[in-house]
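**Student:** Prediction below, plus the sequence it came from.
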Protein chains: 2
Amino acid sequence: MATTKGKTAPLKVIPLGGLDGIGKNMTVIECGPDMMLVDAGLMFPDDSQPGIDLVLPDYTYVLENEDKLRGIIITHGHEDHTGALPYLLQDLNNKVPIFSSKLTLGFIEGKLSEFRIRAPKFREVKGGSHVNLGCLSVDFFSMTHSIPGALGIFVKSPQGTVMHTGDFKLDQTPIDGVTPDYAAITRFGKSGVDLLLSDSTNATVPGFTKSEAEVGHSLYDAIKNAEGRVFVASFSSHIHRLQQICDAAKACGRKIVVTGRSMLTNTRVARELGYLKIDENDLVDAYELNGIPENKVVVMCTGSQGEPLSALSRMANGEHKTLSIHDGDTVIISATPVPGNEKAVQQVVNSLAKLGCDVYDKHRCLVHVSGHGSQEELKLMLAMARPTYFMPVHGEAVHLRAHAKLGEKMGIPRDNIFVIDNGDSLEMRAGKVKRGRAVESGVVYVDGLRIGDTDPIVLRDRQKLANDGMVTVVATMSTKRKKIEAIEVSGRGVSFTIDDEFTSDASDSIMKMIEKGSFNFTSSGTDALRKAVRDSLSNFIWNRTHTRPMIIPVVMEV
Amino acid sequence: MATTKGKTAPLKVIPLGGLDGIGKNMTVIECGPDMMLVDAGLMFPDDSQPGIDLVLPDYTYVLENEDKLRGIIITHGHEDHTGALPYLLQDLNNKVPIFSSKLTLGFIEGKLSEFRIRAPKFREVKGGSHVNLGCLSVDFFSMTHSIPGALGIFVKSPQGTVMHTGDFKLDQTPIDGVTPDYAAITRFGKSGVDLLLSDSTNATVPGFTKSEAEVGHSLYDAIKNAEGRVFVASFSSHIHRLQQICDAAKACGRKIVVTGRSMLTNTRVARELGYLKIDENDLVDAYELNGIPENKVVVMCTGSQGEPLSALSRMANGEHKTLSIHDGDTVIISATPVPGNEKAVQQVVNSLAKLGCDVYDKHRCLVHVSGHGSQEELKLMLAMARPTYFMPVHGEAVHLRAHAKLGEKMGIPRDNIFVIDNGDSLEMRAGKVKRGRAVESGVVYVDGLRIGDTDPIVLRDRQKLANDGMVTVVATMSTKRKKIEAIEVSGRGVSFTIDDEFTSDASDSIMKMIEKGSFNFTSSGTDALRKAVRDSLSNFIWNRTHTRPMIIPVVMEV
């Protein structure tokens, strides 16, 4: 049995990300001297994080325990499971093996090479694979998700067992024929799952998520009915979707053009690794389209989230270097907007409508299905795994709690269900689970070259600047004549015009305020003067405009 | 027959708003010396308009033709139909009569009094009313929508007829029993509708929108099943919904508490005018709740859009003065997030889930139905009105075009369907419609006290400030010694720390650049120096941080 400092060491399960929203998934599983990491994902910033490029989980705990780290397991190739990897690997002193499926490793390889991370220790696994990481033994099993090569894991330790589903749906008719490995899940369930960690993304959605195969029928119908060219925008990692688009194109006698940086990269990787099957003859380069009739073409592109620099947006705006969308074309947005992207997607849809395109989106037909299981699938997973303890993972607060309720309905005692926060830990001893001590956790912002904890004041300042703009006021103070000699005002992003009259009135107002006070016109008095200048200008602007721009006062001695 | 300058004047229909999105609806109908306005709405700004308070249609055309303006017709009491009214009335020289239903006028009265607009000329009308506005004769007919008192109009002019549906759905079981007036619509249709203007909001949605009554069953079930207090957040103008909440509360033996400023105002107005029926005994004040068991209370509140200052958000955060939401309470979000509000609503839902509330939202049951008709209703309207010409209104580009297609399917020739832009006009002569000349149009921003066209550069600057922050650099130039003597750098909203080392390095970099150039250290040279300071600091910051904050350079002569 594993021990630390002479005591019997518990199995620890510590989620460092993934419990405060959809994204930046990362979970530590540790027993005595051995530790493994499940996923290393990122999250994209939202409106409350202006100017932030990426959000990572705080993985200080992993770095502090690097000597124990035996391996990193990546359940599938989405960025919310892989995107923190380049940062983490740069911060680790040693090369740690990365275990994942062929496709996932293919996607990761491309990303790591962008970061100039050379020769990572890749260890390819698949459903049925088994690896030992110190005293932790890991069995991998196939799952279905909106990307091929998704894996769940079953971990045995001296203290008990943990199953982690990864992201999943239970698709009985997956495009690549690789169904969830029900036999393995039920076998593990029968042998005893002490603790289950299961994907909660769709825990508030009743029913059973539709099979990916159903989207194929809609895509075929839409392409079949189109009279001109067809453009299909989709997630570039959604290889099953891309396969269905290509199959529908071929069935309709159309050639396929691929455009958009990630779409080109991912189709290349997925074809090389055998995950995406497109006949070479069915592919055409964008600049070779001339001469091919419009009703013989399907363009597969990025831009399903309304990203302004994506292929779809560029083609719609006439800014793409080889292709443009025009009257009579059909555009299929084969995706659902990620929360926060609704307006951007709608803007692209409107641009396309104005061009005279026939647009298919989620309002019109089944152009997309979720990659996450709904309530019936989550209950089925609980029924097959039969865990003693249960921790919902991968979701916002409402999803984790909804999933916990499903667990209760399935007969798991309420006390055996743990809805915890990132950085909290669970400890298992001889199959019994209780809460452990919390570890350092939180978020880390990538903001330009800076990777670290951006001060909340910086984000508040950015929001204030966005709402109200800013005004710089430079006051020249004569230490000889003991007075302010000149005031200059300039502004950006403000709703009013700063002309000579405005500056003159503002200066008068500031001067009047300063005359009333008793200031010391020396170097030691600049702080007080700066404050007075800021406050009086702020009042002046409020009275005149009812706005409160950020005021940047500078007092210069002459 | 109406004439201008001796010629036969056409009937003009000029949408000034409502054709570029959902909001700021406003349409001019004019014939010779007589003009009427249908609706005067506002729109709320989106992410691309940071810091803007409200967006209004540019109604210059109305002001320029005020002498012709015989009346303003408001089809219903939503802000996208009424919100520009206070601004418009302040800009008009004369008091123009405002025609609308009792409830709509009640809501408008409250709004106008906030703007201190006294004694407006209100003219109450209802379905079946008829008014003459010069040579324009107007018949009003009842419609169903997500607010009571919604009206459509049928306008007769010397040149032909126009029907305007207003916003509508075709609800066969409306809560107040006032169904759409099919008899009137078909009678007008038979008598001849030359031009139909019809609501396009849901033109991309197949089928028939569910009746408001269906929401009542869900509300009842949710309240019946609740063990503790129930909080229902809803649009405060949605009087039918409020009626159903109150009815369900009463049926479950619960008292009703109303909270949130607009919820209090609107329930008061709607009760006074007889639109909302709540027994005085069933209402309780928030501060009188003590002593009433938790399972005997329903709180009806604002906040269904996740607004941070609304009653729901405040109660969830413990910032409400009398009420707080806790473990065991049930919260029903009886609304769908307006596009752009998804994240804010989800944030409130997560806060509530963390408190231990049972949350009902659109994912869980039928807590909301749309107030706009879907494709089958839009086709039914076309079938009843049988217009010769058709102009889809109230929608984004994609909605107007989808509605136009429905028109084609219903047998209206493509050339008789007009998908136009705000400010474009249609002209009718003897029942024949063609495009007329465009008039001044666009958007007007309300930004603090300023009402006018905010420079797009201001909005771009605000977005840049939000993304990258700003840095002020003040360079002191000695005209005597012909050099820059000192450089001060300060920043807000930037991801890096501006300490002494940073300032010293930045100064060195700027000085080096200036030494290389040939500058004229006099007043006439400050522009060139300012540019050099800005560019060299910008390069310095990019190289060090890979960010590009806005740089505000100031050069001071000493």
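**Tutor:** Arrived safely, thanks for sending.

**Student:** can you pull the buried residues of stretch A:504-516?
**Tutor:** A:506-507, A:509-511, A:513-514 (16 or more other Cβ atoms under 10 Å in any protein chain shown). Just so you know, the C-beta spots here come from the backbone N, C-alpha and C atoms, and that holds for glycine as well.

**Student:** Could you do stretch A:258-272 as well?
**Tutor:** Across stretch A:258-272, burial judged by 16+ other Cβ under 10 Å covers A:258-260, A:263-267, A:269-271.

**Student:** what do you get for stretch A:31-40?
**Tutor:** A:31-32, A:34-40.

**Student:** go on, stretch A:539-546?
**Tutor:** The neighbour-count check on stretch A:539-546 (16+ other Cβ under 10 Å) flags A:540-541, A:544-545 as buried.

**Student:** Pick out the lowest-pLDDT one from those residues.
**Tutor:** Minimum pLDDT for the buried residues of stretch A:539-546 is recorded at A:T545 (88).

**Student:** Surely it and A:G491 touch.
**Tutor:** No - using Cβ atoms under 8 Å, A:T545 is not in contact with A:G491; the gap is 10.8 Å.

**Student:** I would like the residues contacting the helix or strand harbouring A:K464, please.
**Tutor:** In this structure, A:K464 sits in helix A:456-468 according to DSSP states H and E. Helix A:456-468 is contacted by residues A:48-52, A:493-494, A:547-550, B:50-51, B:462-463, B:465-467, B:469-470, B:492-495 when judged by Cβ atoms under 8 Å, 6 or more residues apart in numbering or on different chains.

**Student:** Which of the residues you listed fall in strands?
**Tutor:** If you go by DSSP state E, the contacts of helix A:456-468 have A:550, B:470, B:492 in strands.

**Student:** Could you identify which of the residues you listed has the most neighbours?
**Tutor:** Among these, B:M470 has the most neighbours (other Cβ atoms under 10 Å in any protein chain shown), with 26 neighbours.

**Student:** contacting residues around it?
**Tutor:** When the contact criterion is Cβ under 8 Å, 6+ apart, the partners of B:M470 are A:465, A:470, A:492, A:552, B:491-494, B:549-552.

**Student:** beta partners for it?
**Tutor:** B:R492, B:M550 (DSSP bridges).

**Student:** now swap in the one 5 residues further on and tell me
**Tutor:** Beta-bridge pairing of B:A475, defined through DSSP bridges, involves B:I487, B:V555.

**Student:** Assess the claim that it and B:V489 are in contact.
**Tutor:** No - counting by Cβ under 8 Å, B:A475 does not reach B:V489; the two are 9.7 Å apart.

**Student:** more neighbours, these two?
**Tutor:** Taking other Cβ under 10 Å, B:A475 and B:V489 do not tie; B:A475 has more neighbours (25 against 21).

**Student:** tell me the pLDDT at the more buried one?
**Tutor:** The model's pLDDT for B:A475 equals 89.

**Student:** how close does it get to B:S538?
**Tutor:** B:A475 sits 14 Å away from B:S538, going by Cβ to Cβ, to the nearest Å.

**Student:** got the angle between the host helix or strand of A:N543 and helix A:456-468?
**Tutor:** Element membership for A:N543 (DSSP H and E) is helix A:526-545. Taking axes from the mean of the first three to the mean of the last three Cα atoms, to 10 degrees, one finds that helix A:526-545 is oriented at 30 degrees with respect to helix A:456-468.

**Student:** What's the local residue count around A:K24?
**Tutor:** A:K24 is flanked by 30 other residues according to other Cβ under 10 Å.

**Student:** and it, what does it touch?
**Tutor:** If you count contacts by Cβ under 8 Å, 6+ apart, A:K24 has them with A:17-18, A:41-43, A:55-57, A:80, A:83-84, A:443.

**Student:** which ones among those residues are found in strands?
**Tutor:** Under the assignment DSSP E, these contribute A:17, A:55-57, A:443 to strands.

**Student:** Residues of the stretch 451-558 of chain A that sit close to chain B?
**Tutor:** Applying Cβ under 8 Å from any Cβ of the partner chain, we find that the stretch 451-558 of chain A lies next to chain B at A:454, A:458-459, A:461-463, A:465-470, A:472, A:474, A:476, A:488, A:490, A:492-496, A:544-547, A:550, A:552, A:554, A:556, A:558.

**Student:** okay, now the domains of chain A?
**Tutor:** Chain A breaks down into these domains under automatic domain parsing: A:8-207+A:370-437, A:212-360, A:456-557.

**Student:** is it fair to say A:V473 lies in a helix?
**Tutor:** No - the assignment for A:V473, made by DSSP: H, G, I helix; E, B strand; the rest coil, is strand rather than a helix.

**Student:** Surely it touches A:I487?
**Tutor:** Yes - taking contacts as Cβ under 8 Å, A:V473 lies within contact range of A:I487: 6.5 Å.

**Student:** So for the two, which residues contact both of them?
**Tutor:** Contact criterion Cβ under 8 Å, 6+ apart; residues bridging A:V473 and A:I487 by contacting each: A:506, A:510, A:533.

**Student:** Name the nearest residue to the second one, ignoring sequence neighbours.
**Tutor:** Distance criterion Cβ to Cβ, 6 or more residues apart in numbering or on different chains; nearest residue to A:I510, sequence neighbours excluded, is A:S536 at 4.7 Å.

**Student:** which residues touch that neighbour?
**Tutor:** Counted by Cβ under 8 Å, 6+ apart, A:S536 has contacts A:509-510, A:512-514.

**Student:** What distance do you get for it to chain B?
**Tutor:** To chain B, A:S536 is 18 Å away according to Cβ to the nearest Cβ, to the nearest Å.

**Student:** what's the answer for A:P293, then?
**Tutor:** 25 Å.

**Student:** again, but for A:D285
**Tutor:** Computed with Cβ to the nearest Cβ, the distance linking A:D285 and chain B is 31 Å.

**Student:** and that residue, how many residues sit next to it?
**Tutor:** Other residues lying near A:D285 total 10 when counted by other Cβ under 10 Å.

**Student:** and what of A:G411?
**Tutor:** Neighbour number of A:G411 under other Cβ under 10 Å is 9.

**Student:** What distance do you get for it to B:D415?
**Tutor:** 66 Å.

**Student:** what does A:L103 give?
**Tutor:** For A:L103 relative to B:D415 (Cβ to Cβ), the value is 53 Å.

**Student:** So between the two, which is more surrounded?
**Tutor:** A:L103 (24 against 8).

**Student:** Show the subsequent helix or strand relative to the helix or strand containing the more buried one.
**Tutor:** Assigned by DSSP H and E, A:L103 falls within helix A:102-114. Next in sequence after helix A:102-114, counting helices and strands by DSSP H and E, comes strand A:122-124.

**Student:** Please export the alpha-carbon coordinates of the helix or strand just after that following strand; PDB is fine.
**Tutor:** Downstream of strand A:122-124, the next assigned helix or strand under DSSP H and E is strand A:130-133. What follows is strand A:130-133, C-alpha atoms only, in PDB (Å, rounded to 0.1, in the frame of the first residue of the first chain):
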ATOM      1  CA  HIS A 130      -3.800  -0.300 -20.100                       C
ATOM      2  CA  VAL A 131      -1.000   1.700 -18.500                       C
ATOM      3  CA  ASN A 132       0.600   1.700 -15.100                       C
ATOM      4  CA  LEU A 133       1.600   5.100 -13.600                       C
END
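
**Student:** Who are the contact partners of A:V232?
**Tutor:** Neighbouring residues of A:V232 by Cβ under 8 Å, 6+ apart: A:219, A:245, A:298-301, A:331-332, A:334.
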